[in-house]
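K.L.:
Here is my input; please provide its structure:
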Amino acid sequence: MKSKNYSENIIKVFKKDGFVLSEPDVLLDSNYIIERSGENFRKIMLTFEDDTGKSMCLRPDLTVASCIKYLKDNSKANSKIYYSGQAYRRSKNLKDKVINYQIGVEIFGSKNKSIDDLKVLKTITNSINKIKVKNISVKVGDVSLCKKLIESLKIPERWRLRLKRHFWRPQYFEDLLDRLETNSDVDPTSVELDKKKFFKMKNIDQNKEIANRKVSEIIARFDRKIKDPRSFKENKKTVKIIKDFLKINCPIENLERTLNNFTNKNNLGKNIFRDISSLKNLSKLNSKIIFSTNFGRDIEYYSGLVFEIYNSSKKEIARGGRYDGLLKSLGSKKNISAVGAAINLNNLNI
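P.N.:
Okay, here's the model as predicted:
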């Protein structure tokens, strides 16, 4: 009953802020999600086969389910929606609940990142305040900043692509940095395998798609990988810069000064982090906000702002972020900017 009261009060805030109810499907095509949104979903999905032998799953994530519904409805205009329902996830931790009750908002076709990021975070914090959760704190990150840093560094293109692609996998990313630092790059056997794959794929239809990418794109990547230098001299310096960047942790109001100090100290271009207006805008919230460059790397589809909100017991009660590439990966013909967040009603033990 308490959960129902929470939902009703939260929804009042959502409606007041212009969000409209959407009810995404509970059953989804599991292969469709894995192929288009990443393998990280496979380990958490509850799957089964329907009468035709097709692999289905209970929705593991209401953001993905809402995106699929948005595309299915062939929506063309900007869309501000809210949802309320269950997400179903497996977990290695036996204490975690399989059924997660979530209530959240999404803005599809987001035109102004700075305004819409603040809008989502403000709507979520206002709704949490509405149900009288006191002393909340907010932690934010921006996964695009590290990618901008990597793009600015003088490293082989192959390494640049690899580091950007695997930033969302913290442990593997650390392993890559260790290999980069010590020059223990791909062994000769792997190089030869790359060459064999390259020549084999040249004989395949170049327009054929494999894992949502054209063969021609994969071949181009293999070509760059084979031609790139296998090692380079400034590796230790480069790795230290990346590791130092991932140690940045400061109040949001100090972020611009902290990033400027970092770029000056490492003699980097002054324009690397020129567009942080969306983050600076968050200081308008009446909440304690801490920024961390190492935060928000556990979900592959986030592309910019990520945040979590905690209660006074440091329990996560809401999370969200920007995911500008997800709708295209799910079938849209072009990128559709989007940002959203959800409150976990399971954790509202107030």
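K.L.:
those strands in the chain, which residues are they?
P.N.:
Taking DSSP state E, the strands of the chain run over residues 20-21, 27-29, 46-49, 55-58, 79-88, 99-108, 137-142, 209-210, 213-214, 249-251, 288-292, 305-310, 316-322, 338-344.
K.L.:
Could you look over those and pick the most buried one?
P.N.:
The highest average neighbour count among these, using mean count of other CB atoms under 10 Å, belongs to strand 338-344 at a mean of 25. Just so you know, the C-beta spots here come from the backbone N, C-alpha and C atoms, and that holds for glycine as well.
K.L.:
Quick one: residues in contact with that strand.
P.N.:
Contacts with strand 338-344, where a contact means CB atoms under 8 Å, 6 or more residues apart in numbering, come from 10, 62-63, 66-67, 100-110, 113, 116-117, 120-121, 123-124, 127-128, 304-305, 307, 316-324, 326-327.
K.L.:
Quick check: neighbours of it in the sheet, parallel or antiparallel?
P.N.:
In the sheet, strand 338-344 lines up against strand 99-108 (antiparallel), strand 316-322 (antiparallel) (DSSP bridges).
K.L.:
want to throw the strands of the chain into CSV with mean pLDDT and distance to residue 268?
P.N.:
Written out in CSV, the entries for those read as follows (pLDDT from 0 to 100; distance: least, CB to CB, whole Å):
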stretch, mean pLDDT, distance to residue 268
strand 20-21, 94, 44
strand 27-29, 91, 43
strand 46-49, 88, 45
strand 55-58, 92, 44
strand 79-88, 93, 38
strand 99-108, 93, 33
strand 137-142, 94, 17
strand 209-210, 78, 37
strand 213-214, 78, 31
strand 249-251, 95, 18
strand 288-292, 93, 19
strand 305-310, 94, 22
strand 316-322, 94, 24
strand 338-344, 95, 28
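K.L.:
Same list (the strands paired with strand 338-344) but as TSV, adding distance to residue 17.
P.N.:
Supplementary listing: these in TSV, determined by distance: least, CB to CB, whole Å:
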stretch	distance to residue 17
strand 99-108	8
strand 316-322	14
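K.L.:
do you know which of those lies nearest residue 169?
P.N.:
Evaluated with CB to CB, the strands paired with strand 338-344 place strand 316-322 nearest to residue 169, the distance being 16.8 Å.
K.L.:
between that closest one and strand 137-142, how many degrees?
P.N.:
Orientation check (axes from the mean of the first three to the mean of the last three CA atoms, to 10 degrees): strand 316-322 against strand 137-142 gives 30 degrees.
K.L.:
between the strands paired with strand 338-344, which gets nearest to residue 148?
P.N.:
Across the strands paired with strand 338-344, residue 148 has its closest neighbour in strand 316-322 (14.4 Å, CB to CB).
K.L.:
I would like the residues contacting that closest one, please.
P.N.:
Around strand 316-322, the neighbours that count as contacts under CB under 8 Å, 6+ apart are 104, 110, 113, 117, 120-121, 124, 128, 133, 136, 296, 299, 302-311, 337-344, 347-348.
K.L.:
Let's see that with 7 Å instead.
P.N.:
Counting by CB atoms under 7 Å, 6 or more residues apart in numbering, strand 316-322 makes contact with 113, 117, 120, 124, 128, 133, 296, 302-311, 339-344, 347-348, all of which sit outside it.
K.L.:
Save the strands of the chain as a markdown table, and put in distance to residue 197 too.
P.N.:
A markdown table is the format used below for the strands of the chain (distance: least, CB to CB, whole Å):
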| stretch | distance to residue 197 |
| --- | --- |
| strand 20-21 | 48 |
| strand 27-29 | 29 |
| strand 46-49 | 30 |
| strand 55-58 | 28 |
| strand 79-88 | 37 |
| strand 99-108 | 37 |
| strand 137-142 | 35 |
| strand 209-210 | 11 |
| strand 213-214 | 14 |
| strand 249-251 | 41 |
| strand 288-292 | 38 |
| strand 305-310 | 34 |
| strand 316-322 | 34 |
| strand 338-344 | 34 |
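K.L.:
out of these, which comes closest to residue 160?
P.N.:
Proximity of the strands of the chain to residue 160 was assessed by CB to CB; the nearest stretch is strand 213-214, lying at 17.9 Å.
K.L.:
Which elements pack onto the closest one?
P.N.:
Based on contacts counted as 3 or more CB pairs under 7 Å, 6 or more residues apart in numbering; DSSP states H and E, there is no element that strand 213-214 packs against.
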